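Novice: how would this look folded up:
(one chain, ligands or ions: 2)
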Amino acid sequence: MPEDYFDDYVKHPEAGMRIIHYPQQEASAVDQNGIGAHTDFECFTIVTQDGNDGLEVLNKDGYWVKAKPVPDAFVVNIADCFMRQTNDFFVSTVHRVINKSGRERYSLPFFFGFDRSKRLEAVPSCVSDENPMKYPIMTSGEYYHYRATNAKAGSS
Ligand SMILES: O=C(O)CCC(=O)C(=O)O
Ligand SMILES: [Fe+2]
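Specialist: Numbering: from 1, shown residues only. Ligands and ions are numbered 1, 2, ... in the order given. Here you go, the predicted model:
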């Protein structure tokens, strides 16, 4: 696959950042409002977190694993548009946030996605007879609309 394959997809990319404050929690982990299990919508998300853990990712065995803060490092999550584009070669990271740190927590997720006018269509090298195309072709904007109108609580 040519290394400039995705250049056209990111001429006018979607990019957004949130600053999230998780107050110190008195409530138990089950009663508190964090962020419920979800996958992010765009291509990938780069998360900066302070020193207080809370972010957890679901591993392939179905266990929640802490994404412990590492000084000067980012967490990178694969998100849904990239999963569709690679026909599940890369799978979105299911994640959630529960602030059990006993302190307030800040995080800054940066969401990076394709131009909304571009068609989400699996790259040819990710499709074969054994691994046929899994997702209907639609533009990133159509998919965004679909997700926004079918939003489940906690989806990003
Ligand atoms: O706070 C975090 O570490 C992650 C936030 C998150 O998953 C999101 O905003 O989609
Ligand atoms: Fe997220």
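Novice: What parts of this structure come near ligand 1?
Specialist: Neighbours of ligand 1 within the chain, by CB under 6 Å from any ligand atom: 18, 20, 35, 40, 47, 49, 55, 95, 97, 107, 109, 156. Where you see a C-beta, it was placed from the backbone N, CA and C, and this is true even at glycine.
Novice: residues in contact with the fifth one?
Specialist: Taking CB atoms under 8 Å, 6 or more residues apart in numbering, we find residue 47 in contact with 55, 67, 74, 75, 76, 77, 107, 108, 109, 110.
Novice: List buried residues within these.
Specialist: Among those, those classed as buried by 16 or more other CB atoms under 10 Å are 55, 67, 75, 77, 107, 109, 110.
Novice: could those residues go into JSON lines alongside secondary structure?
Specialist: Formatted as JSON lines, the buried ones among the contacts of residue 47 follow (DSSP: H, G, I helix; E, B strand; the rest coil):
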{"residue": "55", "secondary structure": "strand"}
{"residue": "67", "secondary structure": "coil"}
{"residue": "75", "secondary structure": "strand"}
{"residue": "77", "secondary structure": "strand"}
{"residue": "107", "secondary structure": "strand"}
{"residue": "109", "secondary structure": "strand"}
{"residue": "110", "secondary structure": "strand"}
